[in-house]
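Chemist: test case, fold it:
(one chain, ligands or ions: 1)
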Amino acid sequence: MHCPHCNKENVPSAQFCINCGAPLATDGSGHSPTVPPKRRNGLGTASFILGLGSIVLWVVLALMLLSAMEASGDSSSPTISPLMMLVGLLAIATTLMGLAFAVAGLLQKNRCKGFAIVGLFINAAVALYMVLSILLSG
Ligand SMILES: [Zn+2]
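Modeler: Prediction:
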């Protein structure tokens, strides 16, 4: 291949020009091998998954509350079972962890932030819903 800097012919597998030392693209994409591509953001992906998990937990909790209301026939004070307490605590923990992971993912440099931003929005929305439902019910 030809060096983009000095146009000297180099062997195809060369990573640097034998004439001027400029980095050569070895994958044919034209990207310099010295510039690292953006790595996947593990924390952002984790916050996204936690956000989805917290939504599922809240839906499960809401369905359990609804069935408890129907069973007791009193919509104002449904019986809270230990299982519902457990699901509620799990949902709160998942939401808070998702928020923390999203913020940590956004603070990382040279990472893709798409999942972290989506995770932040999902977990913030769930946390807002959580606070509002507690305020409205209390
Ligand atoms: Zn060169």
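Chemist: what's the longest helix in the protein?
Modeler: helix 42-72 (DSSP state H).
Chemist: show me what that one packs onto, helices and strands only.
Modeler: In terms of contacts (3 or more CB pairs under 8 Å, 6 or more residues apart in numbering; DSSP states H and E), helix 42-72 is packed against helix 82-107, helix 114-137. Where you see a C-beta, it was placed from the backbone N, CA and C, and this is true even at glycine.
Chemist: hey, least reliable of those by pLDDT?
Modeler: Comparing mean pLDDT across those, the weakest is helix 114-137, with a mean of 86.
Chemist: extract the C-alpha set from that one and format it as CSV.
Modeler: What follows is helix 114-137, C-alpha atoms only, in CSV (Å, rounded to 0.1, in the frame of the first residue of the first chain):
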residue,chain,number,x,y,z
GLY,A,114,-26.0,6.1,24.0
PHE,A,115,-26.9,3.3,26.5
ALA,A,116,-25.9,5.4,29.5
ILE,A,117,-28.2,8.3,28.3
VAL,A,118,-31.1,5.9,27.7
GLY,A,119,-30.5,4.1,31.0
LEU,A,120,-30.4,7.5,32.8
PHE,A,121,-33.8,8.5,31.3
ILE,A,122,-35.4,5.1,32.0
ASN,A,123,-34.2,5.0,35.6
ALA,A,124,-35.0,8.7,36.2
ALA,A,125,-38.5,8.1,34.9
VAL,A,126,-39.0,5.1,37.1
ALA,A,127,-37.6,6.9,40.1
LEU,A,128,-39.9,9.9,39.4
TYR,A,129,-42.9,7.5,39.1
MET,A,130,-41.8,5.8,42.3
VAL,A,131,-41.7,9.1,44.2
LEU,A,132,-45.0,10.4,42.7
SER,A,133,-46.8,7.2,43.5
ILE,A,134,-45.5,7.2,47.1
LEU,A,135,-46.6,10.9,47.5
LEU,A,136,-50.0,10.3,46.0
SER,A,137,-50.7,7.2,48.0
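Chemist: domains of the chain?
Modeler: 1-35, 42-137 (automatic domain parsing).
Chemist: so can I have CSV of the ones you listed showing mean neighbour count?
Modeler: Putting these into CSV (neighbours: other CB atoms under 10 Å) gives the following:
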stretch, mean neighbour count
domain 1-35, 12
domain 42-137, 16
